[in-house]
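**Q** Structural data only, the sequence is not supplied:
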Ligand code: PSU
Ligand code: MN
């Protein structure tokens with residue numbers, strides 16, 4: 001059996017000059033632990049549309065083999081819009097902006113790699129220093145997207161304030177990251193395993209624009225098109241969405257934007273059914289103490305909802321991320337036309 005080994009590093013020239021917090025771009029270029037895939041490199045240099053994709057969903061968010069199939073499908077959907085997918089992850093201590101098919105397969109094979117890390121901002125330095133493999137969460141993916149100058153990032157669910165977060169202080173680093181990465185994050189809202197109301201309050205406090213990308217201003221709740229909360233803004237075309245990002249760029253604002261895209265209508269009825277299992281999973285996590293385990297809480301809840309719904313939640317999960325990838329591609333194309 002031939003064992004696949006990570007490839008040598010690619011060129012790393014041309015990372016975003018404008019990324020304010022990156023003081024040592026030269027150093028990063030020369031010795032940084034970061035490999036930009038040549039296709040992404042060329043696309044960014046030519047200001048062609050690129051969409052960042054995360055890998056925690058691959059390593060911790062979905063079971064095998066659906067995790068790999070979904071990651072591949074999402075890349076294909078981004079390509080179908082005319083944009084270029086940049087799946088971001090960490091392989092043996094190197095940040096990869098744009099994974100080769102072999103690299104994606106390697107990361108997705110979590111069964112043979114139980115030590116793969118869920119990498120948020122706080123984990124980046126240690127994971128790299130210890131040469132680990134890692135799936136990047138929204139927070140870490142936002143950082144690397146911003147570093148590379150990628151303006152749009154599509155995923156399923158953003159992290160948020162956990163239920164009871166006002167006591168436990170379990171608030172995802174994803175929220176704060178949106179204050180310092182000028183990237184449009186396209187997601188299906190936040191999952192009802194979280195406290196959606198407090199998540200929206202937190203985003204307001206942090207000054208992160210929340211835009212429902214839909215015909216209504218309902219803020220979506222992942223499996224369901226409606227959370228019972230409203231978004232402060234509503235847009236339903238890619239050109240206007242891109243204009244929001246471009247405006248912030250023109251004004252030198254360093255924060256991102258949350259575009260919340262509801263799951264397609266045909267999954268709404270299932271979403272309402274799934275809600276019961278979500279509540280059960282949350283109750284169990286409180287009883288068995290998983291809710292106090294920090295970064296393990298979200299993957300556990302995702303897995304438990306999958307078990308309780310006999311895989312129905314997974315079908316919805318795939319559908320909603322394929323949908324955000326489509327919208328992400330369209331916004332990236334509109335942005336490239338505006339900024340190009
Ligand atoms: N929600 C999902 N699927 C996921 C995640 C969230 O429905 O895979 C992942 C994302 O990568 C997100 C992370 O950034 O979980 C948030 O984890 P935490 O709550 O520990 O910050
Ligand atoms: Mn947490």
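**A** Everything's here; your move. Because the structure is predicted, anything quoted here is derived from the model rather than measured. Numbering: from 1, shown residues only. Ligands and ions are numbered 1, 2, ... in the order given.
**Q** Now the closest residue to residue 291 other than its chain neighbours: which helix or strand?
**A** Nearest non-adjacent residue to residue 291, counting by Cβ to Cβ, 6 or more residues apart in numbering: residue 285, 4.3 Å away. Placement of C-beta: from N, CA and C, glycine included. Counting by DSSP states H and E, the element that carries residue 285 is helix 268-287.
**Q** Buried residues, that helix. List them.
**A** Within helix 268-287, the residues that count as buried by 16 or more other Cβ atoms under 10 Å are 270-271, 274, 277-278, 281-282, 285.
**Q** quick one on the thing from earlier: pull the contacting residues for the residue nearest to residue 291.
**A** 291, 297, 300-301, 304 (Cβ atoms under 8 Å, 6 or more residues apart in numbering).
**Q** quick one: contacts for the residue in the stretch 1-150 of the chain that ligand 1 sits nearest to?
**A** Nearest residue of the stretch 1-150 of the chain to ligand 1: residue 61, at 2.6 Å (Cβ to the nearest ligand atom). Each residue near residue 61 by Cβ under 8 Å, 6+ apart is listed here: 67, 135, 156, 299, 302, 317.
**Q** And residue 238, how far from residue 225?
**A** 19 Å (Cβ to Cβ, to the nearest Å).
**Q** tally of neighbours for the closest residue to residue 40 other than its chain neighbours?
**A** Nearest residue to residue 40, sequence neighbours excluded (Cβ to Cβ, 6+ apart): residue 98, at 4.0 Å. Residue 98 is flanked by 27 other residues according to other Cβ atoms under 10 Å.
**Q** now residue 98: how far from residue 240?
**A** Separation of residue 98 from residue 240 (Cβ to Cβ): 28 Å.
**Q** my guess is residue 281 meets residue 313, correct?
**A** No - here residue 281 lies out of contact with residue 313, judged by Cβ atoms under 8 Å, at a distance of 9.6 Å.
**Q** list residues touching both of these two?
**A** Listed as contacting both residue 281 and residue 313 by Cβ under 8 Å, 6+ apart are residue 305.
**Q** can you pull out the helices in the stretch 151-300 of the chain?
**A** Using DSSP state H, counting those that start in this stretch, the helices of the stretch 151-300 of the chain run over 165-168, 173-177, 196-206, 238-250, 268-287, 297-308.
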